[in-house]
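Engineer: pasting the sequence and the predicted coordinates here, then a few questions.
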Amino acid sequence: MARMKFLCDAERCIECNACVTACKNENEVPWGVNRRRVVTINDGKPGERTISVACMHCSDAPCKAVCPVDCFYQTDQGVVLHNKDLCIGCGYCFYACPFGAPQYPQAGNFGTRGKMDKCTFCSGGPEEDMSEAEFKKYGRNRLAEGKLPLCAEMCSTKALLAGDADKVSDIYRERVVARGFGSGAWGWGTAYQTKNGQERDQLRERKQGQ
Amino acid sequence: MLIKKSAVAAGGRHLSRSLSQTVGAVTGATVDRRAFLRGSGLAAGGAALAATMPFGMVKKADAAGPATAAAGAPIKQLKTICTHCSVGCTVVAEVQNGVWIGQEPGFDSPINLGAHCAKGAAVREHAHGERRLRYPMKMVNGVWTRLSWDQAIQEVGDKLLEIRQKSGPDAVFWLGSAKHSNEQAYLFRKFAALWGTNNVDHQARICHSTTVAGVANVWGYGAMTNSYNDIQKSKALFFIGSNAAEAHPVSMLHILKAKEQNNAPLIVADPRFTRTAAKADEYIRFRPGTDVGLIWGILWHILENGWEDKDYIAKRVYGFDDIRAEVAKWTPAEVERVTGVPGSQLKRVARTLASNRPGTLVWCMGGTQHHIGNNNTRAYCVLQLALGNIGVSGGGTNIFRGHDNVQGATDFGVTSDSLPGYYGLADGAWKHWARVWELPYESVLARFASKELMEKTGIPVSRWYDGVLEAKENIDQPESLKAMVFWGHAPNSQVRLPEMKKAMEKLELLVVVDPYPTMTAVLSDRKDNFYLLPAATQFETYGSRTASNRSVQWGEKIIEPLFEAKTDHEIMYLFAKKFGIDKDLFKNIKVNGNEPLIEDITREWNRGMWSVGYTGQSPERMKLHMQHQATFDKTTLRAVGGPCDGEFFGLPWPCWGTPEMKHPGSANLYDTSLPVAEGGGAFRARFGVERNGVTLLAEGSYPEGSPIKDGYPEVTMAMLQKLGFDKDLTAEELAVIQKIGGEKIGAVSWTTDLSGGIQRVAVKNGLNPPGNAKARCVAWNFPDPVPIHREPLYTPRRDLVASYPTYKDTKSWRLPTLYKSIQDRDVSKEYPIILTSGRLVEYEGGGDETRSNPWLAELQQDMFVEMNPFDANNAGIKDGQMVWVEGAEKGRVKVKAMVTERVGRGVAFMPFHFGGWYQGQDLRSKYPKGADPIVLGEAANTATTYGYDSVTQMQETKTTLCRIAAV
Amino acid sequence: APSDAPPVPTQIEGVNRGDVWQAVRTGQTVGVVSIPDKKAAVLIQSEGEAWRALRNGPLSQYGSWVLGGIFAVLALFFLLRGRIRIDGAKTGKTIQRFNAFERAAHWLTAGSFVVLAVSGLNLLYGRFTLLPLLGPQPFATLTHYGKLAHNFLGFAFILGLLLIFLLWVRHNIPERHDLVWFLKAGGLFSKGVHPPARKFNGGQKVIFWSTVVGGGMLAFTGVQLIFPFSFATLAELQLFQLGHAAIAIVMIAIIVAHIYIGSVGMEGAFAAMGDGQVELQWAREHHSLWVEEVTGEKPGHHHSHGTPAE
Ligand SMILES: Nc1nc2c(c(=O)[nH]1)N[C@H]1C(S)=C(S)[C@@H](COP(=O)(O)OP(=O)(O)OC[C@H]3O[C@@H](n4cnc5c(=O)[nH]c(N)nc54)[C@H](O)[C@@H]3O)O[C@H]1N2
Ligand SMILES: Nc1nc2c(c(=O)[nH]1)N[C@H]1C(S)=C(S)[C@@H](COP(=O)(O)OP(=O)(O)OC[C@H]3O[C@@H](n4cnc5c(=O)[nH]c(N)nc54)[C@H](O)[C@@H]3O)O[C@H]1N2
Ligand code: HEM
Ligand code: HEM
Ligand code: SF4
Ligand code: SF4
Ligand code: SF4
Ligand code: SF4
Ligand code: SF4
Ligand SMILES: [Mo]
């Protein structure tokens, strides 16, 4: 089974926000909830780069680990989904998520954040595939329709790649070779890839080393 | 390409089906569009609701109801084109029962390969129409009240006729739109002609008019020479005054590909470190308004080192020595003094450009929106000519145009200085079009106040309010303007809003025909004689639109017009009927009910647009191209196999002759490496054959397969006769030519022959219908024949005014136009900061559409001004603080400060898409109820100032002065 | 064309891509976003990882030891010491120890605390304990109401805390004889030992101050968590959450002991918070100085029991 991943090629991303509005379009995400967002670093200066971020569908997902009601699950394509019927909107997944992916429809006062919402890799939720209930709670289930996430499919510069991890990395590798210099990409190198937490450890080591 | 899994077999979209089930449940048996709108509102709200409701209580779909007629209805995939910018991205809409339920990437489109920017990826929201103008409205004693279409047409029509009666046809200004399809644009121009005025214009005036005029006067056509796709072949990429990453985002798909694949250096010259600059290998920061100096500074190094393409210049360029003389003045030291760019950097740039050929040069508004805009555009052309980069794949001046159909609307002459096809306004032009319309010339003439006014350039949109405010005796027409019709055009896109506000209040009648109320609805304090008529968008109709690369794409109708909106051509028909010109206007166009048949309009312009090669693009051919997009090569745009084999996508003009001739269109202009019949060409012989004894025709350069191995003038009947090619004409063709030419059959040319015979025969024999000339570096008919630098009217560099003064005050385009008297007033002490303006990726134009779209509006909620930390610190301003930006003519805007190094010291930048605030005042309450955009803000143009291009009346929106102070 | 032309483009100087990414990954570089939610500008929030590790690791683990531990200790204590009886003969007379208002304040605090503790612990441990028993949906429902209760009762707890503090703070100033009390371990481990005490003995003062300080800290951190991002950043919230849970666990342990002593653990104690009337003999034994204050009786005078054998 293919392992689904995102990769955002920062040498290409131009902060056009198509990925963001495509997501709104496809999933009818309400105002204030940003399943995907575009972040610019070094804004307005040489070295400016932009990256589009959403849930990275981590293996060994931190959100899943901390959820008090254990409402997350990971599909066999590696997509991390959750069950809104169970979610109590506690916000813990946001505290844990390295990518700020979980979103809440409300500001959160008095614990009324509402049901957490996040990128589903355009693959819905626990409801029956492509059912109305699924759409209303989670948006479209493109994977079930045989399509890939709309954010990536519509990306203006094909900076954002989504799909089978092997294919995505092949495409990216080709680009890097063509460019002739190493390059920033935002993908599973930054997400927590390995089951045994190696990446995490490395990250921590690096932090400690500073 | 991404790995795209094959679509699930038929019926795969259960979701959509169940979505419309909901709709069915809401509405009863059938699903109509309005019900969908409610339904989809529910769906959206539903998602939000579900998200906030406690666990286990997520509302079950109200769709559970009985199966309705809607259930299982087939889902149609319809194709149209994004309605925002000139890239021309294909939009694939999924429609079920008339409801636009989904949007898919148009992977097959060779232009966008499925990609979109924020706006294109959000166009489906337009179908929700939450903030649209729903029905005709008029202002009664300061209150918006609803009225019926019938009433609206009667009332507005009567008032217009009354004004026409009293003050003449020229007292009405018909402001058309680059949002119209080609058919609507063409019809609009014809409509204005039959109304009897040249006071008709559209966005191109304030967009690329200086490009169109400038470039056309260098080599023939004022358009992008190559295409977005062709950039993939470039070895160097030079952007000046173009922020493609925000304004033409999908073009970056091709640009970045060139950068990666060819290792093409990307050079960006811009006063701002833009998002395009962020991708550059070399960024040149320079002072706004000094483009000519910068270009000559680069050319200086090229000439100094002998890097120019001497062979090319000898064969294809006229007047280059005059350029040498001017460029010699631009030594590195002088360039640095004027532009601020060190010579060493420009030497590096020159070398990069010279050693990476062919390279493309891209410009946009940074170059055009100046009072010397036409100088800028010609200077860019000259640089490319010097490098031998024009007429070659990978080269070209890739002028990124603006709106989705600004190229088309320009081509179809929605301008105060031309009829469709750049025929101009002279007697011959009118006669040509009268022949196409099959109307007696005299009857057209009779619609005008006089023959003089019929042939006189009208008032441009950039100056319309001067046409209202200026005293009658100062205007070259009988009366000042009394009525203004904004037909798909925002007001906050024109400079000097305080003046415009006054003019709006002075008018006898103000009409808006637009899907949105626009800022026009709220800017003035009018109390009556003020109408808003809801127009449909291009998603609610069909027809062709021309992308920047001259490809003409056919868009299908996605949904029926929302609410009571009507399509523009229907509204034109209703007015025509009211004015009694419907018989003439639609003589050869079928009208179904009140709706003129689009295909008939296309065929009519097919019969008249010879001068641009808009004659081969029949509706059938265009539809075929859209249907078989997948067969076109993604780089060359040429179809490989399939029913369009060998043709270029969208039949980019010139597409010579009749549709039956099957010319493939021309992907790259002036490309001599191809036979004309296969899309090749040469510079247009537009300016005669010689000047002062020097030939203007090409020497030893000619399109592949040409029978004449040298330059030649425009093709006429006489020329065919001389070459003996006239024998190839059919009897029918000859009959038409004879009918047009009468006595002087030899004078009938490729542009006036309605049979297409001359073009057919010319192309068949390897001739380029517009001739084979040199590009000219000297436009002797312009105020500055050789492009020179002139300081902006509002400049902080008073020390340079003496050496680089502006023009003398003059009268042009029916109005007095000031230059020197403005520049002489030194305000640089009170207004020390240069103010420039431009775009944000999420919003478009005046922004009424995009600021009403929640998916976009959420992304930019505050109007702001970018200022350098140096200036901010000097003024004691912190990031995020509210400030007053006051323009040099005292218009003030209250905006948020964004302190950033994106702009250099002494330069401030504002986006111009905001509106709905005026000088600190929030005008939200003045919008018709429910039609106020989600995000409002100050319009940048409240603070912008006077300044108009000496040739085209382009407004100077890219350089003025301002001061910024904390609120 | 120039011969000395470089074939490769010049890169914009001053940018080392590697450093940029390094900084992003470690959270040192914060970007900008155009949406109002400025938190979104953080690309990698590595602290989340540390938070998760601490919460799911040591916090839960040591917490469970502490909680398990306190019950084990109390059970052991009960086994060894049994219920602490009133040593002397009951007088049959009672005196008022806490008036209705004081009792109300106590029960407001106590009641809310218990719900808070239970619902709070459910957040931390329910997933591993109740969830398998109840199944996902019932557990989620329970947890949801638990959360609601937690979020609203927090304010009841704060109110009770405030009242308790105002009512009793003057009785809880540490004093010299508290030392004696502690040296004798309050007599808890030996029958008949009753170090003198005023209204509150040393042990109770500990309970009081733990309640006030611990409860105060829970209140502070809890309120931050209820109004996320209103006053605190994400990193602070993560700290507050960990602190909240850790303090809660320690407090629960202390209060469980308190509840034990206040109910089954000691004869006659509950009445103080029951109807407010305590057996005079109980009061003499545990709060001799207080009895003296209220009744004028000398401490130790009425010990009907002789000093025990020891
Ligand atoms: N998102 C979005 N896209 C659009 C549009 C939109 O409204 N929104 N509009 C469409 C239209 S109508 C058009 S015309 C195009 C315009 O597209 P662009 O022209 O690319 O956009 P602008 O931001 O207006 O201007 C480009 C750059 O010119 C720079 N500039 C300012 N002053 C000068 C100067 O003196 N010289 C030079 N060389 N540069 C200068 C500005 O800093 C700015 O970065 O975009 C089209 N696409
Ligand atoms: N300061 C400053 N000012 C500028 C510029 C700048 O860079 N700086 N740029 C200039 C440029 S390049 C341009 S092109 C202009 C753009 O400025 P405008 O063209 O005035 O702005 P838009 O809002 O795009 O106007 C298009 C209008 O058409 C309407 N519309 C859309 N579709 C249809 C349709 O099918 N039928 C009808 N009837 N109406 C329709 C939209 O609702 C909208 O109101 O602004 C210019 N102004
Ligand atoms: C639910 C079971 C509880 C019982 C049976 C109980 C019982 C009592 C009793 C009997 C007293 C009076 C002791 C005396 O006479 O001196 C008391 C006092 C007190 N209780 Fe509780 N209590 C309970 C829960 C709590 C809780 C949850 C808290 C705080 C979080 C608390 C805080 C206090 C304090 C601060 C005092 C005063 C100091 C002290 O006597 O230790 N109690 N409690
Ligand atoms: C003073 C008022 C209190 C407030 C405002 C408060 C608030 C909170 C909040 C907001 C949470 C986060 C969970 C969520 O959002 O649902 C929480 C968790 C928790 N609270 Fe409280 N709380 C208070 C008092 C207490 C008390 C008295 C205890 C126990 C003695 C307690 C124990 C816990 C525990 C154990 C957690 C779970 C921590 C975890 O799952 O990691 N809280 N509290
Ligand atoms: S990115 Fe965040 S929300 Fe997504 S799987 Fe990882 S931890 Fe969970
Ligand atoms: S917010 Fe919902 S999904 Fe996230 S941890 Fe809490 S219960 Fe789980
Ligand atoms: S994968 Fe789907 S849900 Fe996730 S960000 Fe992209 S469009 Fe949104
Ligand atoms: S659509 Fe692509 S280029 Fe645009 S912001 Fe998203 S990832 Fe970047
Ligand atoms: S606005 Fe332009 S670039 Fe963006 S989707 Fe539309 S046509 Fe394409
Ligand atoms: Mo434009």
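Structural biologist: Good, I have the coordinates. Ligands and ions are numbered 1, 2, ... in the order given.
Engineer: mind telling me which residue of chain A is nearest ligand 9?
Structural biologist: Of all residues in chain A, residue A:156 sits closest to ligand 9, at 6.7 Å by C-beta to the nearest ligand atom. Backbone N, C-alpha and C define where each C-beta goes, glycine included.
Engineer: which strand or helix spans that residue?
Structural biologist: For residue A:156, there is no host helix or strand (DSSP states H and E).
Engineer: what about it, how many residues nearby?
Structural biologist: By the criterion of other C-beta atoms under 10 Å in any protein chain shown, residue A:156 has 33 neighbours.
Engineer: okay, now the domains of chain B?
Structural biologist: Domains of chain B are assigned by the TED database as B:76-127, B:137-196+B:425-618, B:208-399, B:638-776, B:798-966.
Engineer: quick one: is the last one near ligand 7?
Structural biologist: No - applying C-beta under 6 Å from any ligand atom, one finds domain B:798-966 out of contact with ligand 7, separated by at least 12.0 Å.
Engineer: flag every residue of chain A that's near ligand 5.
Structural biologist: Residues of chain A lying near ligand 5 (C-beta under 6 Å from any ligand atom): A:55-58, A:61-63, A:80, A:93, A:97, A:99, A:101-102, A:118.
Engineer: by neighbour count, which of these wins?
Structural biologist: Counting neighbours by other C-beta under 10 Å, residue A:93 comes out on top of these with 29 neighbours.
Engineer: ok, residue B:413 - contacts?
Structural biologist: Taking C-beta atoms under 8 Å, 6 or more residues apart in numbering or on different chains, we find residue B:413 in contact with B:186, B:189, B:419, B:420, B:421, B:422, B:423.
Engineer: one more time with 7 Å
Structural biologist: By C-beta atoms under 7 Å, 6 or more residues apart in numbering or on different chains, the contact set of residue B:413 is B:189, B:419, B:420, B:421.
Engineer: again with residue B:465
Structural biologist: Per C-beta under 7 Å, 6+ apart, neighbours of residue B:465: B:499, B:500, B:503.
Engineer: closest to ligand 2 out of these?
Structural biologist: Nearest to ligand 2 among the contacts of residue B:465, with distances taken as C-beta to the nearest ligand atom, is residue B:500, at 11.8 Å.
Engineer: wouldn't the closest one be in contact with residue B:491 here?
Structural biologist: Yes - shown here, residue B:500 and residue B:491 form a contact pair, counting by C-beta atoms under 7 Å, at 6.1 Å.
Engineer: just give me the neighbour total for the closest residue to residue C:251 other than its chain neighbours.
Structural biologist: Nearest residue to residue C:251, sequence neighbours excluded (C-beta to C-beta, 6 or more residues apart in numbering or on different chains): residue C:214, at 4.2 Å. Using other C-beta under 10 Å as the criterion, residue C:214 is surrounded by 18 other residues.
Engineer: residue C:214 contacts residue C:246, correct?
Structural biologist: No - in this structure, residue C:214 is not within contact of residue C:246 by C-beta under 7 Å, at 10.3 Å.
Engineer: re earlier: adding distance to residue A:113, write the domains of chain B out as TSV.
Structural biologist: Listed next are these as TSV, based on distance: least, C-beta to C-beta, whole Å:
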stretch	distance to residue A:113
domain B:76-127	26
domain B:137-196+B:425-618	35
domain B:208-399	33
domain B:638-776	49
domain B:798-966	19
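Engineer: of those, which is nearest ligand 6?
Structural biologist: Of those, nearest to ligand 6 by C-beta to the nearest ligand atom is domain B:798-966, at 22.1 Å.
Engineer: follow-up on the earlier one: the contacts of residue B:413 in helices, which ones?
Structural biologist: Under the assignment DSSP state H, these contribute residue B:189 to helices.
Engineer: can you pick the most crowded of the contacts of residue B:413?
Structural biologist: Per-residue neighbour counts (other C-beta under 10 Å) across these peak at residue B:420, which has 28 neighbours.
Engineer: so that residue makes contact with residue B:189?
Structural biologist: Yes - the criterion here is C-beta under 7 Å, and residue B:420 meets it with residue B:189 at 5.7 Å.
Engineer: shared neighbours, those two?
Structural biologist: Common contact partners of residue B:420 and residue B:189 (C-beta under 7 Å, 6+ apart): B:412, B:413.
Engineer: and residue 172, what does it touch?
Structural biologist: By default, I'm working from chain A. Shown in contact with residue A:172 (C-beta under 7 Å, 6+ apart): A:7, A:9, A:161, A:185.
Engineer: my question was about chain C, not that one.
Structural biologist: So, once contact is read as C-beta under 7 Å, 6+ apart, residue C:172 ends up touching C:200, C:205, C:208, C:209.
Engineer: can you count the residues close to residue B:193?
Structural biologist: Counted with other C-beta under 10 Å, residue B:193 comes out at 27.
Engineer: excluding covalently adjacent residues, which one is nearest to it?
Structural biologist: Once flanking residues are discounted, residue B:193 sits nearest to residue B:444: 6.6 Å by C-beta to C-beta, 6+ apart.
Engineer: just the element for the one you found, please.
Structural biologist: In this assignment (DSSP H and E), residue B:444 forms part of helix B:441-445.
Engineer: about what we covered before: what is the burial count for the residue nearest to residue B:193?
Structural biologist: Residues lying near residue B:444 (other C-beta under 10 Å) number 20.
Engineer: strands of the chain, start to end?
Structural biologist: Just going to use chain A. Along chain A, the stretches classed as strands by DSSP state E are A:4-9, A:37-41, A:49-53, A:72-74, A:80-82, A:160-164, A:185-186.
Engineer: oops, chain C please
Structural biologist: Remark: strands assigned in chain C by DSSP E are C:94-96, C:277-279.
Engineer: likewise for the stretch 101-250 of chain B?
Structural biologist: In the stretch 101-250 of chain B, the segments counted as strands under DSSP state E, counting those that start in this stretch are B:137-140, B:143-146, B:172-175, B:200-201, B:236-240.
Engineer: can you name the residues that contact whichever residue of the stretch 151-300 of chain C sits closest to ligand 5?
Structural biologist: As assessed by C-beta to the nearest ligand atom, ligand 5 sits closest to residue C:234 within the stretch 151-300 of chain C, at 13.2 Å. For residue C:234, the contacting residues are A:95, C:39, C:45, by C-beta under 7 Å, 6+ apart.
Engineer: put the alpha carbons of the helix or strand following the helix holding residue B:444 into PDB.
Structural biologist: The helix or strand immediately downstream of helix B:441-445 is helix B:451-454, counting by DSSP H and E. Provided in PDB are the C-alpha atoms of helix B:451-454 (Å, rounded to 0.1, in the frame of the first residue of the first chain):
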ATOM      1  CA  LYS B 451     -17.500  63.400 -38.800                       C
ATOM      2  CA  GLU B 452     -14.800  65.200 -36.900                       C
ATOM      3  CA  LEU B 453     -15.900  63.700 -33.600                       C
ATOM      4  CA  MET B 454     -16.300  60.400 -35.200                       C
END
